[in-house]
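Asker: A predicted structure for the sequence below; I have some questions about it.
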Amino acid sequence: MIKLVQNLRRLPALSVAEFRDKLNEYGFVVKDIADELGAARVAISTTLAVQDNISMQVSQGTSDPPDAIVEIWMRRAPDFDGPDNLLARQLLAKMRDMQDGFVDLHRSSFFFASERVEHGREAAAALSQRLMRIDQIKHTLDLSEM
């Protein structure tokens, strides 16, 4: 699965409430783009203003978290330049225009990523089996070189 990830930071002049209001409006355009691209999923997350976040940041010496994370999951990377994606390009331009009104672009990041999801014990068992197979293959290769 390919996903477009947007780590968004608000413009310094905006309050958290103002940022979130604009983010809600932005979410409608994001959903329209996702629908046009045949996306499998869209998620918009906002950072919680809780002491645990501050404690983690201080104890680990990390920078401030983004104010929001927008993710669009797709089965393949989009071809925005393709002839069939005129509407997607128009929606993308609208999305970029909206960003100017609430996103600090110099402190935000946008990128494509691949994602593999594994859960709990099943994931650990699957990983253990893969590692055992790798060891078996290595052992077989070592024996064949003798």
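Answerer: Alright, I've got the coordinates.
Asker: give me the number of residues near the nearest residue in space to residue 102 that is not next to it in sequence?
Answerer: In space, residue 102 comes closest to residue 22 once its chain neighbours are excluded; the distance is 3.7 Å by C-beta to C-beta, 6 or more residues apart in numbering. The C-beta positions use only the backbone N, C-alpha and C, and glycine is treated the same way. Residue 22 is flanked by 19 other residues according to other C-beta atoms under 10 Å.
Asker: I figured residue 22 hits residue 68, correct?
Answerer: No. The pair residue 22 and residue 68 does not pass the contact test of C-beta atoms under 8 Å, sitting 10.0 Å apart.
Asker: list the contacts of the residue nearest to residue 102.
Answerer: By C-beta atoms under 8 Å, 6 or more residues apart in numbering, residue 22 lies in contact with 14, 98, 101, 102.
Asker: going through those, which ones are buried?
Answerer: By neighbour count, with 16 or more other C-beta atoms under 10 Å, the contacts of residue 22 hold 14, 98, 102 as buried.
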